[in-house]
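S.K.: Fold the following and give me the result.
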Amino acid sequence: MDIDEPLPAGALRTRACAKVNLCLHVLGRREDGYHELESIVAFADAADTLTLFPGGVTVLDVHAKSGPTDPGVVGPDNLVLRAARAAAEHLGLTRAGRFVLDKHLPVAAGIGGGSADAAAALRLIVAAAQADPDDPKLAQAALSIGADVPVCVESVASLVTGIGETITPIEGFPEMFAVLVNPRVPVPTSKVFTALGLEPGKPRNPQAFEALDGATVRDAIACGRNDLQKAAIEICPQIADCLAALEASGAAPARMSGSGATCFGLFDDLRAARHAAVKLAEIQPGWWVKAVTLG
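M.R.: Numbers count the residues shown, from 1 in each chain. Next up, the predicted model:
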């Protein structure tokens, strides 16, 4: 039931776009164990599709479109179902209905697939109930599901700080073109942060970005980094192969997104990105490869 298929009567549908961390700085670890982050986040036109048939018992059907997926994706801890519970707890919206998730994005991949699905579910539940989409409790519900969910609710390019709760949209964010590459190896976020090994209460880096706009964001990305990349490569060495392949294809920069294993490379235009994606898919037919526009 993809986004371009006719929408059944009474149903609601939205896209859950991939989140790409163009840089991700770990500023330190708080006493409560959460990590303070600073990240430039953009959203790709690669997405899952979520449809809601309002009313009745809340259930979820998952159609995996990108190959085998983690069995946990269809279990009770799926973030779509957790979003329904969060909407009931924080917003008092107790009626959801039947969700149908067309899963195109790889799981545990560092591009917020599950978080984007959860955010999409929140948007659909609010729309179905004709509730206020600007209700501040919506942000509370999103954060209760996961640190990446709040920025995925609006899905606009932003500077994200704190543990994910402070979101500043980047005005005039320029259209960018990228290739996303994933070796189809899931990398749990918790394992990467454990491998990073920061002690609670220990600062790591100062905040680098105070204000960003369309004129400054490219330079900020160019001088940025992903502080989780080294730890993630220790867990999944294939990440280094993805980065090397992107660099060899002409990407600048090539960097890991989130906690991995998905990596991205930026290109001057969409034609160059598509050409590189075709070549990479030929060289590594087992990888998930996608040319995308970021915004």
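S.K.: nearest residue to Gly265 other than its sequence neighbours?
M.R.: Spatially, and ignoring its direct neighbours in sequence, Gly265 is nearest to Ala251 (2.4 Å; C-beta to C-beta, 6 or more residues apart in numbering). No exception for glycine: its C-beta is placed from N, CA and C like everyone else's.
S.K.: On the pLDDT front, check the one you found for me.
M.R.: With respect to pLDDT, Ala251 scores 98.
S.K.: can you give me the helices in this structure?
M.R.: 79-91, 113-128, 136-145, 149-154, 189-196, 217-222, 229-235, 238-248, 270-283 (DSSP state H).
S.K.: out of these, which comes closest to Arg29?
M.R.: Proximity to Arg29 (C-beta to C-beta) singles out helix 189-196 among the helices of the chain, at 8.5 Å.
S.K.: Mind checking the pLDDT average for that closest one?
M.R.: The model assigns helix 189-196 a mean pLDDT of 95.
S.K.: on that earlier part again, please name the residues that touch the residue nearest to Gly265.
M.R.: 178-179, 264-267, 276 (C-beta atoms under 8 Å, 6 or more residues apart in numbering).
S.K.: Make CSV out of the helices of the chain and add distance to Val62.
M.R.: Below are these laid out as CSV (distance: least, C-beta to C-beta, whole Å):
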stretch, distance to Val62
helix 79-91, 9
helix 113-128, 10
helix 136-145, 17
helix 149-154, 18
helix 189-196, 20
helix 217-222, 33
helix 229-235, 26
helix 238-248, 25
helix 270-283, 25
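S.K.: can I get the ones you listed in JSON lines with distance to Gly28 and mean neighbour count?
M.R.: Supplementary listing: those in JSON lines, determined by distance: least, C-beta to C-beta, whole Å; neighbours: other C-beta atoms under 10 Å:
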{"stretch": "helix 79-91", "distance to Gly28": "27", "mean neighbour count": "22"}
{"stretch": "helix 113-128", "distance to Gly28": "22", "mean neighbour count": "26"}
{"stretch": "helix 136-145", "distance to Gly28": "19", "mean neighbour count": "19"}
{"stretch": "helix 149-154", "distance to Gly28": "20", "mean neighbour count": "25"}
{"stretch": "helix 189-196", "distance to Gly28": "11", "mean neighbour count": "16"}
{"stretch": "helix 217-222", "distance to Gly28": "20", "mean neighbour count": "16"}
{"stretch": "helix 229-235", "distance to Gly28": "15", "mean neighbour count": "19"}
{"stretch": "helix 238-248", "distance to Gly28": "24", "mean neighbour count": "19"}
{"stretch": "helix 270-283", "distance to Gly28": "35", "mean neighbour count": "17"}
